[in-house]
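Q: How does the following fold in three dimensions:
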Amino acid sequence: MIHRVGLIVHTDKPDALRFTREAVEWLQERGLQVQLEPNIARALNMPECGNDDEALRQSDLLLAVGGDGTILRASHLAAPRGIPILGVHLGRFGFIAQIRPQELHTAITRVQAGDYVIEKRLMVRAVAYRRGESICEALALNDVVVTKGAVARMITLQTFVNDTFLATYSADGVVVATPTGSTAYSLSAGGAIVDPACEVLLLTPICAHTLSARPLVLPADKQVKVVVTADDGDFHLQADGGETVRLQSGDEVRVSRAEERTHLVVFDPDEFYAKLRDRLLWGERVNV
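A: Numbering: from 1, shown residues only. Next up, the predicted model:
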């Protein structure tokens, strides 16, 4: 039973605050306790709804209002507690969000009636090491990216699977993606599209300086290790496009399946294929 609903809101999206106000009022009219991030509560002049991250982690349901990036942010908050997330799509190209704003009332009614399923999406954990010591750790629903900085030259990436050497790439970087992230950066870099129900990891080089470099699909129980080297410039580690961690030559990044899962509220488990058709214009004539 749902009693507490938390909202994670991307305020840069058009009409996000207006929709959030309407949603909060509608939810409260139905006796649900609503929890907002402090900055959203202040923007809406609803200080009584403002809560910190720890309070939001006590929600029975999180509404991610924005696009896929908002869902990624919500997943980092919700996954350790297994809180279900319902994505409200205000963007143009999202693959993860389930509903549009006008569908919220129907969706909440269905959730309260138990008329939905939970998809438990694979997540990965990345740990970066410098001279054998851990320097950072990050959780990701979409992907972990090791890439050169804005002014760096091409970098060299030694890749390993379960400590078995795979290949050395001269490239702009490498993406280790989940099936959920297969339609994000990995796809732009030439990676495969994978049904999010699959249990695999994707290893995709970015602009590799060799025609033999190809994306690789691995079982999810494998660990990918990337050792990065370069003579100069800077290079970075990012998880789900979040905070950038600067790496040094010789640092290694290990990426493996996380214990946590993102729990997504889904009404049609096969909707992924309709989204592929609609978002990627499959079967449509494209006029240039």
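
Q: just the strands in the stretch 101-250 of the chain please.
A: 117-130, 133-140, 143-148, 155-161, 164-171, 173-177, 200-206, 216-219, 224-229, 235-239, 245-247 (DSSP state E, counting those that start in this stretch).

Q: Can you give the domain ranges for the chain?
A: The record assigns the chain these domain ranges, following automatic domain parsing: 4-116+267-280, 123-258.

Q: can you list the strands of the stretch 101-250 of the chain in CSV and add distance to Val255?
A: (Glycine included, C-beta is placed from N, CA and C.) Formatted as CSV, the strands of the stretch 101-250 of the chain follow (distance: least, CB to CB, whole Å):
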stretch, distance to Val255
strand 117-130, 5
strand 133-140, 8
strand 143-148, 5
strand 155-161, 10
strand 164-171, 13
strand 173-177, 4
strand 200-206, 7
strand 216-219, 10
strand 224-229, 5
strand 235-239, 9
strand 245-247, 13
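
Q: winner for burial among these?
A: Most buried of the strands of the stretch 101-250 of the chain by mean neighbour count (mean count of other CB atoms under 10 Å) is strand 173-177; its value is a mean of 28.

Q: in its sheet, what does that one sit against?
A: strand 143-148 (antiparallel), strand 200-206 (antiparallel) (DSSP bridges).

Q: May I ask you to confirm that Gln58 is in contact with Gln33?
A: No: in this structure Gln58 lies outside contact range of Gln33 using CB atoms under 8 Å: 9.8 Å.

Q: which residues are in contact with both of the two?
A: Arg4 (CB atoms under 8 Å, 6 or more residues apart in numbering).

Q: before we move on, the earlier item: right, and the strands of the stretch 101-250 of the chain - which one's nearest Ala258?
A: Ala258 sits nearest to strand 117-130 of all the strands of the stretch 101-250 of the chain, at 4.1 Å, using CB to CB.

Q: What segments of the stretch 1-150 of the chain are helices?
A: 16-29, 38-43, 53-56, 68-78, 104-112 (DSSP state H, counting those that start in this stretch).

Q: And the shortest one, what's buried?
A: Residues of helix 53-56 classed as buried by neighbour count (16 or more other CB atoms under 10 Å): Leu56.

Q: I would like the residues contacting that helix, please.
A: So helix 53-56 is contacted by Gly6, Ile8, Gln35, Glu37, Leu62, Leu77 (CB under 8 Å, 6+ apart).

Q: how does it look with 7 Å?
A: Gly6, Gln35, Leu77 (CB atoms under 7 Å, 6 or more residues apart in numbering).

Q: I'd say the first one and Gln35 touch.
A: When you say that, I think you mean Gly6. Yes: using CB atoms under 7 Å, Gly6 is in contact with Gln35, at 4.3 Å.

Q: Any figure for the gap between Arg125 and Gly69?
A: Distance of Arg125 to Gly69, given as CB to CB, to the nearest Å: 20 Å.

Q: sorry, back to before: can you redo the helices of the stretch 1-150 of the chain as JSON lines with distance to Tyr129 and mean pLDDT?
A: Listed next are the helices of the stretch 1-150 of the chain as JSON lines, based on distance: least, CB to CB, whole Å; pLDDT from 0 to 100:
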{"stretch": "helix 16-29", "distance to Tyr129": "39", "mean pLDDT": "95"}
{"stretch": "helix 38-43", "distance to Tyr129": "35", "mean pLDDT": "93"}
{"stretch": "helix 53-56", "distance to Tyr129": "27", "mean pLDDT": "92"}
{"stretch": "helix 68-78", "distance to Tyr129": "22", "mean pLDDT": "95"}
{"stretch": "helix 104-112", "distance to Tyr129": "42", "mean pLDDT": "96"}
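
Q: what's the closest of those helices to Asp143?
A: helix 68-78 (9.7 Å).

Q: list the helices and strands that closest one packs on?
A: strand 4-9, strand 61-66, strand 84-89, strand 252-266 (3 or more CB pairs under 7 Å, 6 or more residues apart in numbering; DSSP states H and E).

Q: can you redo the ones you listed as CSV with distance to Glu137 and mean neighbour count?
A: Shown next, in CSV, are the helices and strands packed on helix 68-78 (distance: least, CB to CB, whole Å; neighbours: other CB atoms under 10 Å):
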stretch, distance to Glu137, mean neighbour count
strand 4-9, 22, 24
strand 61-66, 23, 26
strand 84-89, 22, 25
strand 252-266, 10, 21
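
Q: Quickly list what's touching both of Gly6 and Gln35.
A: Common neighbours of Gly6 and Gln35 (CB under 7 Å, 6+ apart) are Leu56, Ser59.
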